[in-house]
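curious how this folds, go ahead:
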Amino acid sequence: MSRILIVEDEESIAELEKDYLELSGFEVEIENDGESGLKRALEEEFDLFILDLMLPGVDGFEICKRIRENKNTPIIMVSAKKDDIDKIRGLGLGADDYITKPFSPSEMVARVKAHMSRYERLIGSGMPANDIIEIRGLKIDKTARRVYVNGEEKNFTTKEFDLLTFLAQNPNHVFTKEELFSKIWDMESIGDIATVTVHIKKIREKIEMNTAKPQYIETIWGVGYRFKV
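Prediction:
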């Protein structure tokens, strides 16, 4: 049974999330403050994390950052703050999704299932050994899920790796942001297209010599992005 850790200081919301997730067959644990949530997230094995943004002790941003330094487990951030800057910051720290309150519990469950099924396919897929893409100094090891630029390894979050690999496997094909969102996040776009832009920016910072003149991922203005070969 898949285990989920909810770190949420509003107990009524945490219990509601737990009830709906347990009805869907998940094992759910709750922590109501940031410090204990961070401790369990780092010390125990979970299959997905749901982090509230505003927490006593340690906030959701810091927990997300610390988890990403150690694990690629899916992270969903939850907040009553609708500001794009918070969403962009959370995604930039490695969160896989960002949901604003109030939200329907059924939407939460749908997103949890989408992220978890995708992650399970990625770690359980029987890809052949040494499945590697190499293009002009960029090396993507699909088997080990590692990225190297001119021999130097770069750290990628799960979604950053998925997005880069998808584009590299479809060279010179122009994809809209909506198409990329649907492909990588396994969900229809519902206004979170900024997610794609943020991830492209983070990828460029890691693989491009000059982000103003990218040699790998090209912006096709008014359309989307393509991987140049």
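
how about the helices in this structure?
11-23, 34-43, 60-68, 84-92, 105-124, 158-169, 177-185, 194-207 (DSSP state H).

where does this protein have its least confident helix or strand?
Taking mean pLDDT, DSSP states H and E as the measure, the helix or strand of the chain with the lowest value is helix 84-92, at a mean of 77.

CA atoms only: put it into PDB for me.
This file holds the C-alpha atoms of helix 84-92, laid out as PDB (Å, rounded to 0.1, in the frame of the first residue of the first chain):
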ATOM      1  CA  ASP A  84       2.000  33.300  -8.800                       C
ATOM      2  CA  ILE A  85       5.300  34.100  -7.100                       C
ATOM      3  CA  ASP A  86       4.600  31.500  -4.400                       C
ATOM      4  CA  LYS A  87       3.600  28.900  -7.100                       C
ATOM      5  CA  ILE A  88       6.800  29.700  -9.100                       C
ATOM      6  CA  ARG A  89       9.000  29.500  -6.000                       C
ATOM      7  CA  GLY A  90       7.500  26.200  -4.900                       C
ATOM      8  CA  LEU A  91       7.800  24.600  -8.400                       C
ATOM      9  CA  GLY A  92      11.300  26.100  -8.600                       C
END
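
got a list of contacts for it?
Outside of helix 84-92, the residues within contact range by C-beta atoms under 8 Å, 6 or more residues apart in numbering are 53, 60-61, 64, 77, 79, 98, 192, 194-195, 198-199, 202. For the C-beta atoms, the positions are set from N, CA and C on the backbone; glycine is no exception.

let's see 6 Å
77, 98, 195, 198 (C-beta atoms under 6 Å, 6 or more residues apart in numbering).

could the residues you listed be laid out in JSON lines, adding neighbour count?
What follows is the contacts of helix 84-92, written out as JSON lines (neighbours: other C-beta atoms under 10 Å):
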{"residue": "Met77", "neighbour count": "25"}
{"residue": "Tyr98", "neighbour count": "22"}
{"residue": "Thr195", "neighbour count": "24"}
{"residue": "Val198", "neighbour count": "20"}
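
wait, doesn't Ile193 sit right on Lys177?
Yes - Ile193 lies in contact with Lys177 (C-beta atoms under 6 Å); the separation is 4.6 Å.

so if I had to pick from those two, which one is more boxed in?
For Ile193 versus Lys177, neighbours defined as other C-beta atoms under 10 Å are more numerous around Lys177 (18 against 14).

and the residue nearest to the spatial centre of the chain, how far from Gly90?
Centroid check for the chain by C-alpha atoms, centre = their mean gives Asp96 as the closest residue, at 2.3 Å. Between Asp96 and Gly90 the distance is 10 Å, computed by C-beta to C-beta, to the nearest Å.

again, but for Val147
22 Å.

so between these two, which is more surrounded?
Gly90 (26 against 23).

please report how far that one lies from Thr143.
According to C-beta to C-beta, Gly90 and Thr143 sit 29 Å apart.

for Asp83, same thing?
Asp83 sits 39 Å away from Thr143, going by C-beta to C-beta.

residues contacting Ser2?
Here Ser2 is in contact with 26, 47 (C-beta under 6 Å, 6+ apart).

10 Å instead?
Residues in contact with Ser2 (C-beta atoms under 10 Å, 6 or more residues apart in numbering) are 21, 24-28, 46-48, 112-113, 116-117, 119-120.
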